[in-house]
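>>> dropping the sequence and predicted coords here.
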Amino acid sequence: MELDRNRFKAALAAGHTQIGLWSSLCSNIVAEIIGDSGFDWILFDTEHSPNELPDLLAQLQAAARGTATGIVRPAWNDPVLIKRILDIGAQALLIPFVQNAEEARRAVAACRYPPAGIRGITTSGRGSHYGRVADYLKKADAEICVLLQVETGEALARIEDIAGVDGVDGVFIGPSDLSASMGHIGNPAHPEVQAAIQDAVRRLTAIGKPAGILTSIEAEARRYIEWGYRFVAVGSDLGLLARNADALARSYKS
Ligand SMILES: O=C(O)C(=O)C[C@H](O)[C@@H](O)CO
């Protein structure tokens, strides 16, 4: 049996803009529904969502039927969390709060088998089709996509060092945390934050690293794409449900 190809990783490396949806609802049924919407990627969050491993597995299984590559955000840059997510078959990770090159190297190492990294060995995980992919241990690294999240002013100052670490496939700017770290909590639209977001994509593009971001405001998403952001989450399942449910109720109750 062949190793699964990572379509998202290949498309990003080829310079194709990848449109995504953020998923916080921790539901395999939701994953199946949004997986058929036509997005290129879906971010399954475990940092700020009550998403545990068995549920996450079901979401990855459900999304595998659709168009979107499942990307998982572990709760922290932690090799144990990362190993467990890789073992259930995720081939793309968004690792939060990377502050410097050393932390970037640790994140990449957690996603690589020895000698390149420190990922623990199992020959029977879902990624290997339960042991059916020949030479999985030698092939797996090549299809794992490592995305790092830069979300403070301090990390932004070192963005080239972080992005330049061998094995980093892309850098995601976290607008909410970045705005908080810059003294504008709750206001990623503040001109200083927007200038930093634009500066980040300019610097990443200059060194050939794809930049990613998240917003649910359409004008902002289109501006980010115009600035050069290459993987952009343009909304969230939770936001879609909440806003549309609110609007429906309002249309009858007001
Ligand atoms: O800083 C950010 O922005 C993120 O890390 C994304 C948030 O965690 C996401 O939940 C949207 O608020």
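Nice, thanks for sending it over. Numbering: from 1, shown residues only.

>>> only C-alpha atoms for contact and neighbour calcs from this point on.
Noted.

>>> stretch 223-242 and the ligand in contact?
No - using CA under 6 Å from any ligand atom, stretch 223-242 stays clear of the ligand, with a minimum separation of 8.4 Å.

>>> got the buried residues for that stretch?
For stretch 223-242, burial by neighbour count (16 or more other CA atoms under 10 Å) applies to 224-225, 227-237.

>>> just the residues you listed: which are in helices?
224-225, 227, 237 (DSSP state H).

>>> could you identify the most distant pair in those residues?
Greatest spatial distance among these (CA to CA): Trp227 and Asp237, at 25.0 Å.

>>> and the stretch 1-150 of the chain, which residues reach the ligand?
Counting by CA under 6 Å from any ligand atom, the stretch 1-150 of the chain has no residue next to the ligand.

>>> how about the strands of the stretch 1-150 of the chain, start to end?
18-23, 41-45, 69-73, 92-95, 145-150 (DSSP state E, counting those that start in this stretch).

>>> possible to save these as TSV with mean neighbour count?
Output for those, formatted as TSV (neighbours: other CA atoms under 10 Å):
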stretch	mean neighbour count
strand 18-23	23
strand 41-45	24
strand 69-73	25
strand 92-95	24
strand 145-150	26
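
>>> is Val171 in contact with Ala211, as I believe?
Yes - checked against CA atoms under 8 Å, the pair Val171 and Ala211 is within contact range at 5.0 Å.

>>> with mean pLDDT added, can I get the strands of the stretch 1-150 of the chain in CSV?
Output for these, formatted as CSV (pLDDT from 0 to 100):
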stretch, mean pLDDT
strand 18-23, 98
strand 41-45, 98
strand 69-73, 98
strand 92-95, 98
strand 145-150, 98
